[in-house]
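K.L.:
A structural model of the following input is requested.
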Amino acid sequence: GFLIKHHVFIADILVSMLSILSVIFIFLICKELYNIKTGFIAALLMAFNPFLVQNSNFIMTDVPALSLVAVSIYFLILARLRNKDNLYFISGMFFSLAILMKFTSLILLLALPIYFKLYKVDFKKILKFSLGFLIIMLPYLILAQIKYGFFLKPFIKAQAQVGDLNEPIYFYLINFIDVFKIVISIGFLLWVIFVLFQKYNNKTISNDEKVFFLWI
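P.N.:
Residues are numbered from 1 along each chain as shown. Okay, here's the model as predicted:
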């Protein structure tokens, strides 16, 4: 971007363009899982979320990392629905890119095992995902090993920085509505009630229950 014009606006534009990907891929995820109407509603909620709109204008990694996570999840879902194993490889690559964009994207590791377990993804497919992940991540880990003497040092240092208690322990609770607006919060609550009602009347795992990993 700076080769075109070395100005802060160029960086702003690039961050905004990366942020737009989150809206596009949230639409695609919901279209694949449900239908175009659901995808359109989800994309609107994403596009006009004040927190995301505001942070899309900052030269920061938060929303671009979210976009890369959305791309990774999209290819993960598409690989299963279209039965195309190579898409697991692509999903792993984008997951790795999301982590390199912002280390806290590692939190997706909490959801991936749930996804693999619920959909009975076999070892070969998980291996393809892992290979895609390593192809992108390995050069960085080698560089970190050479530069810092231990390949995990950047992750450990980052953890120490974000773990600094410069805010009260209830910080995320009191700021919850700033990030997850009231419409999203009510929607999540209604979804939980609906799933529990389904579970009570039908012991089989519903599709809605299976996409719990998306909420995580």
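K.L.:
helix or strand with the lowest mean pLDDT in the protein?
P.N.:
helix 207-210 (a mean of 59; mean pLDDT, DSSP states H and E).
K.L.:
relative to residue 86, how far out is the spatially most central residue of the chain?
P.N.:
For the chain, the residue nearest the mean C-alpha position is residue 69 (3.0 Å; CA atoms, centre = their mean). According to CB to CB, to the nearest Å, residue 69 stands 20 Å off from residue 86. Any C-beta I mention is one placed from the backbone N, CA and C, and that applies to glycine too.
K.L.:
residue contacts, the residue of the chain most remote from its centre?
P.N.:
Distance to the chain centre peaks in the chain at residue 201, reaching 31.9 Å (criterion: CA atoms, centre = their mean). By CB atoms under 8 Å, 6 or more residues apart in numbering, no residues touch residue 201.
K.L.:
swap in residue 65?
P.N.:
98, 101-102, 104-105.
K.L.:
change it to 7 Å
P.N.:
For residue 65, the contacting residues are 98, 101-102, 105, by CB atoms under 7 Å, 6 or more residues apart in numbering.
K.L.:
got the CA positions of the one helix or strand it maps to in CSV?
P.N.:
Residue 65 belongs to helix 62-81 when assigned by DSSP states H and E. C-alpha atoms of helix 62-81 as CSV (Å, rounded to 0.1, in the frame of the first residue of the first chain):
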residue,chain,number,x,y,z
ASP,A,62,-8.6,-6.7,15.7
VAL,A,63,-11.1,-6.7,12.9
PRO,A,64,-8.7,-8.0,10.2
ALA,A,65,-8.0,-10.9,12.4
LEU,A,66,-11.7,-11.6,12.8
SER,A,67,-12.0,-11.5,9.0
LEU,A,68,-9.4,-14.1,8.6
VAL,A,69,-11.0,-16.3,11.3
ALA,A,70,-14.3,-16.0,9.4
VAL,A,71,-12.6,-17.1,6.2
SER,A,72,-11.0,-20.1,8.0
ILE,A,73,-14.4,-21.2,9.4
TYR,A,74,-16.1,-20.8,6.0
PHE,A,75,-13.7,-23.1,4.3
LEU,A,76,-13.9,-25.5,7.2
ILE,A,77,-17.7,-25.7,6.8
LEU,A,78,-17.5,-25.8,3.0
ALA,A,79,-15.0,-28.7,3.2
ARG,A,80,-17.6,-30.8,5.1
LEU,A,81,-20.7,-29.8,3.1
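K.L.:
centre of the chain to that helix, how far?
P.N.:
Relative to its parent chain, helix 62-81 has a centroid offset of 6 Å by CA atoms, centre = their mean, to the nearest Å.
K.L.:
tell me the average confidence for that helix?
P.N.:
Mean pLDDT, helix 62-81: 93.
K.L.:
fine, thanks again, bye for now.
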